[in-house]
Each structure stands twice: as C-alpha cells, then as structure tokens.
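J.: need a structure here:
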Amino acid sequence: MKYIILLISLALILNVYAQDSHNHPEIINKTKDASEHKEHNNDEHEEDEHDDHDEKEDDHDSHVEGVEVHDKQTEDEDEHDEHEGHAHVENKKSLDEHDSHVECVEVHDEQNEEESEHNEAEESHEDIAKLSAHDIAEFGIEINEVTGGILYTEVQLNGEVVINEENVTHISSRFGGVIKSVSVRQGQYVSRGTILAVIENSNNLTPYTVITERSGILLFKNAAVGEAIGAEQELFQVVDLSTVWVKLGVYQKDMMKIRLGQSLRIVDPFSDFEITNSISYVSPIMDEASRTVVVRATLTNRAGKLKPGMFVTGFVAVDSSEVSIRLPLSAVHQFEGKSVAFVQDEDGFEPRNIIIGKTNDMYVEVITGLSVGERYVSKNGFIIKSELGKSEMGTGHGGH
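T.: This next block holds a predicted model:
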C-alpha cells in the first residue's frame, strides 16, 4: 500500500514538472544553463585545481630543488667548514708539533751545551798531570819560560870525523939496525919525550933511542923486538886528537849557499852531542865519485867525544829571522793527534795545542798557543805525556 501511494505521488510530481517546463521553457534553459554553467565552473574549477595542483607540484619541485640546493650548499658549507676545521686542526697540530719540536731542540741544545760544558770540565780536569818537585827533579824534567829568539834557516850536510892531519907525527928510525926493545903499545897515550924503542945501530953497534916529539895517541906501531930495520923507516905514528877535522859533502844544488867562514853546527845523530864552529876549508874541485864538494871545519875535542870515523850531521846557517816565540824541538810533542807543549800552572802540567811556523832541526816558531812568560817543559816532556796517558786509561778514555 505504501508503495502504491509513493508511485502515485511520483507520477503527480512528474506531471506537474512537465507542465511547468512546457509553460516556462526559460526556467528549463536557465536550469540547463545553470547546469552547464555549473559544469563549466566545475571544469574550470577542476582545471584551476589541476593548475593549482600543477603549480603546487611545481612549487613542491622547486621547493625540493631549493631544499636540495640548500642541502647541497649546506653540505658544501659543512664540507668547507669541516675542511677549514680540519685545516685549522692540522695547522694547529703542525704548530703544536713545531712548538714541540722547537722545545725539544731547545732542550736538546741545552742538554748538549750542558754535556759539552761537562765534557770540557772533565777534559780540563783529566788533561792535567800532577808531579811533585821531587818527581820533577828525579825524572830530569826541565822547565823554562817562553821567549822569542833568532831562528836560522839551515842547509843540512852529511859527513864524518877525521884525523886532523896537521896533528899527526910520523916517527922513523935514524939509522938501520936491530930493534932491541919497544916500550909502548898501539893506542896508548904518550907524552912528549917518551922513549918508544931502542935500536942497535948496525954501523957501530951503538944503541940509540926513538922518542916522540908530540903528546898524543900512539896510532900506528910497526916495530917488534929483534926486527932488523932500515934507515928512515917509519916505526910509529902519534896523533894529537885534542882537535879533529869534520869533512862534509855539499851537493851541487847547495853550492852557491856555502862559503868560507860560515857558522857550522855539528851534531852527533846518535847522541845529544853538539858543537859549533865555522867552515875553515872549501874544496876548489868536486869529488867525481860522490858528486859533492868537500867542506871542512876544525873542531876542539878535549873530552875525546869526537872519534875519527864517526858519522855526523852538519847544519850551515844560510839565513835567519827574529821570531816572537821560539821553543826547542824537544818541547814539542804529539798528543791526541795534535802538536802540543806542556805548560805548567798552579794545577800542574797541561797539554797546550800550538800552531807551528818555521822550523829547523833545533828550534820551532810557535805562531799561536803560547804567550811570552809562560812556563813550559823544555826537556823530558815524554814523562808528562806518559802521566796523562795513565790518567786517560784510568778514566776509560784510553787509546788517545
């Protein structure tokens, strides 16, 4: 029943609507227009919404891109900041390391300086030899003051001691006969007037004596008891050795430097003997065998130290110069690879490094290392050197 009533009501409504549409078409048109307008508006709205949506999407994309750019810029800035921070950290680290290195170097330098001062103090302490006055006297250590002097430039010559031929006496028989007695021996010293032999004269059988007219050494004897001899036969030679000759050879390269009267210093190369005289003879010819010119000097030999046949060395002074500091050669020693002189002060004897200038076989010029007036060891300095060596061995620094 309800359904029937609804159907009837719907039919009535449709009928009324149809009549209104016929009687009022404009309403329908308006309605249609309104509907179309509504649809058009809906389409525009949809298009606007679509455009808005696209714009929103574009804005969204732009925003995303902006965000990405911003993020990239931020990332770049972060990387830049991180790089700057890293560089800053690295620089700071480098500065810290540099400062640390500088501090280490300074500490190391200070330690080296302290060690150097310590080592210098130890060396200064170690390089001192202490000897008592008794030891100095017992070992024959001679001490002198540093002075200047003349240093000669010398030419060295080699030669030997020979008999002074002017001091030789040849003793012969006056008459022929037979030797009845001989009262001397070869090498014996005889005085002037000493009877050397007795000879029986073969002419009258009268004996006569043979005497020496010079004091000296009986160098040669050619006489025996019972021997028959002739007249003027040499029986003895007596030589006075109170003076001797020294004969030296001068090579051609030095001939122009040598002249008569020059000072000549003679040294025994095997002892500390030394004597000075002058050249008394220069040979006018050159010896063909040795290719030298012989020069000679007469030397006093009262003590008999110069034996004929000895080899000697001669030094002829050909030039001279004044030097501020002059030491004898015996005062210069090699110590730890350097030339030193041993200087005495209140603490003892210390090796002093010196620089040597001109030299000869007797003296040296000292350029630096010593001052005039200082006391130094001039003889037997090897005792000081030995003492210093013992001190270094005792402190573990041996081998210097």
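J.: Every contact and neighbour count from this point should use C-alpha atoms.
T.: OK.
J.: how about the helix or strand hosting Ile136: buried residues?
T.: Applying DSSP states H and E as the criterion places Ile136 in helix 133-138. Going by neighbour count (16 or more other C-alpha atoms under 10 Å), the buried part of helix 133-138 is Ile136.
J.: next one: stretch 162-176
T.: Buried, per 16+ other C-alpha under 10 Å, within stretch 162-176: 162-164, 167-176.
J.: Make a markdown table from the residues you listed and add distance to Val340, secondary structure and pLDDT to it.
T.: Putting the buried residues of stretch 162-176 into a markdown table (distance: C-alpha to C-alpha, whole Å; DSSP: H, G, I helix; E, B strand; the rest coil; pLDDT from 0 to 100) gives the following:
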| residue | distance to Val340 | secondary structure | pLDDT |
| --- | --- | --- | --- |
| Val162 | 40 | strand | 97 |
| Ile163 | 43 | strand | 97 |
| Asn164 | 44 | coil | 97 |
| Asn167 | 48 | helix | 96 |
| Val168 | 50 | strand | 96 |
| Thr169 | 53 | strand | 96 |
| His170 | 56 | strand | 96 |
| Ile171 | 59 | strand | 97 |
| Ser172 | 62 | strand | 97 |
| Ser173 | 66 | coil | 96 |
| Arg174 | 68 | coil | 95 |
| Phe175 | 71 | coil | 96 |
| Gly176 | 72 | coil | 96 |
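J.: Any stretches of the protein with poor pLDDT?
T.: 1-7, 9-126, 391-400 (pLDDT under 70).
J.: all helices for it, in order.
T.: 2-23, 25-126, 133-138, 382-394 (DSSP state H).
J.: ok so, going back, distance to Val225 added to the buried residues of stretch 162-176, as TSV?
T.: Below are those laid out as TSV (distance: C-alpha to C-alpha, whole Å):
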residue	distance to Val225
Val162	31
Ile163	29
Asn164	30
Asn167	28
Val168	24
Thr169	22
His170	20
Ile171	17
Ser172	15
Ser173	14
Arg174	17
Phe175	16
Gly176	14
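J.: Now flag whichever of those residues is closest to Gly389.
T.: Using C-alpha to C-alpha, Val162 is the member of these that lies nearest Gly389, at 44.8 Å.
J.: I figured the closest one was touching Phe311, is that so?
T.: No - checked against C-alpha atoms under 8 Å, the pair Val162 and Phe311 is beyond contact range at 9.7 Å.
J.: ok, so of the buried residues of stretch 162-176, who is nearest Ser386?
T.: Nearest member of the buried residues of stretch 162-176 to Ser386, counting by C-alpha to C-alpha, is Val162, at 40.6 Å.
J.: quick one: that closest one and Gly230, what's the gap?
T.: Computed with C-alpha to C-alpha, to the nearest Å, the distance linking Val162 and Gly230 is 31 Å.
J.: follow-up on the earlier one: contacts for the helix holding Ile136?
T.: Glu142 (C-alpha atoms under 8 Å, 6 or more residues apart in numbering).
J.: right, and Val168 touches Val239 too?
T.: Yes - the criterion here is C-alpha under 8 Å, and Val168 meets it with Val239 at 4.4 Å.
J.: show me what contacts the nearest residue to Ser324 once chain neighbours are set aside?
T.: Nearest residue to Ser324 in three dimensions, chain neighbours excluded: Gly148, at 4.4 Å (C-alpha to C-alpha, 6 or more residues apart in numbering). If you count contacts by C-alpha under 8 Å, 6+ apart, Gly148 has them with 322-326, 372.
J.: In PyMOL, how would I select the buried members of those residues?
T.: Of those, the buried ones can be selected in PyMOL as follows, counting by 16+ other C-alpha under 10 Å:
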select buried, resi 323+325+326
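J.: Include distance to Met256 when you put the contacts of Gly148 into a markdown table, please.
T.: Output for these, formatted as a markdown table (distance: C-alpha to C-alpha, whole Å):
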| residue | distance to Met256 |
| --- | --- |
| Glu322 | 24 |
| Val323 | 26 |
| Ser324 | 30 |
| Ile325 | 31 |
| Arg326 | 28 |
| Val372 | 37 |
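J.: closest to Thr153 among the contacts of Gly148?
T.: Glu322 (11.2 Å).
J.: Enumerate every residue touching Ala303.
T.: Ser242.
J.: Now it: phi and psi?
T.: Here is the backbone geometry of Ala303 (degrees, to the nearest 10): phi -80, psi -10.
J.: Tell me how far Thr212 lies from Leu219.
T.: 12 Å.
J.: Quick check: neighbours shared by these two?
T.: Val238.
J.: buried set for stretch 241-255?
T.: So, applying 16+ other C-alpha under 10 Å, buried residues of stretch 241-255: 241, 243-250.
J.: can you list those residues in JSON lines and add distance to Leu196?
T.: Output for these, formatted as JSON lines (distance: C-alpha to C-alpha, whole Å):
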{"residue": "Leu241", "distance to Leu196": "19"}
{"residue": "Thr243", "distance to Leu196": "23"}
{"residue": "Val244", "distance to Leu196": "24"}
{"residue": "Trp245", "distance to Leu196": "27"}
{"residue": "Val246", "distance to Leu196": "30"}
{"residue": "Lys247", "distance to Leu196": "32"}
{"residue": "Leu248", "distance to Leu196": "35"}
{"residue": "Gly249", "distance to Leu196": "38"}
{"residue": "Val250", "distance to Leu196": "42"}
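J.: Looks like Glu160 contacts Val244 (just checking).
T.: No - taking contacts as C-alpha under 8 Å, Glu160 lies outside contact range of Val244: 10.4 Å.
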